[in-house]
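Colleague: coords below, sequence missing:
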């Protein structure tokens, strides 16, 4: 059982930056695809960014391209660097792991098997 813990969320002004981290317990994630999703109040969860097992493939939500960067750290961590933040980026951000499609950077939540509890990102105008 993979347990995921997000950190790095907080309150930031428009145009600011944050770096989200996701740490896994016990198991190495080096062979899995990883992603970030977000959910704002009253809205459905949406895909933000994904990276495949070796970092050779990434996918991004159109509205975050050029502002957000997903990357892998150690075998048990990965990150979402967020810059030029906007109020519409306000949401709870979740990290997720796909153990069945390591070659892909999937954008569909149903592909992901393990999820963290989320970290709140609030961007003030």
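Modeller: Happy to help now that I have it. Model, not experiment: these values are computed from the prediction.

Colleague: CA only for contacts and neighbour counts going forward, please
Modeller: Fine.

Colleague: in stretch 10-25, what's buried?
Modeller: 12, 14, 17-24 (16 or more other C-alpha atoms under 10 Å).

Colleague: I'd like to know the average pLDDT value across that stretch.
Modeller: Stretch 10-25 shows a mean pLDDT of 96.

Colleague: equivalent analysis for stretch 60-69, please.
Modeller: On average, stretch 60-69 scores 98.

Colleague: what helix or strand does residue 31 sit in?
Modeller: When secondary structure is defined by DSSP states H and E, residue 31 falls outside every helix and strand.

Colleague: can you pull the contacts of the nearest residue to it once chain neighbours are set aside?
Modeller: Of all residues not flanking residue 31 in the chain, residue 53 sits nearest, at 5.1 Å (C-alpha to C-alpha, 6 or more residues apart in numbering). Going by C-alpha atoms under 8 Å, 6 or more residues apart in numbering, residue 53 touches 30-34, 102-104.

Colleague: wait, doesn't residue 7 sit right on residue 18?
Modeller: No. Applying C-alpha atoms under 8 Å, one finds residue 7 not in contact with residue 18, separated by 10.4 Å.

Colleague: of all the buried residues of stretch 10-25, which two lie farthest apart?
Modeller: Farthest-apart pair in the buried residues of stretch 10-25 is 14 and 24; separation 30.0 Å (C-alpha to C-alpha).

Colleague: which secondary structure element contains the residue nearest the centre of the chain?
Modeller: Residue closest to the average C-alpha location in the chain (C-alpha atoms, centre = their mean): residue 36, at 2.1 Å. Assigned by DSSP H and E, residue 36 belongs to strand 33-39.

Colleague: show the average pLDDT along that strand.
Modeller: Computed over strand 33-39, the average pLDDT equals 97.

Colleague: elements contacting it?
Modeller: strand 46-51, strand 91-98 (3 or more C-alpha pairs under 8 Å, 6 or more residues apart in numbering; DSSP states H and E).
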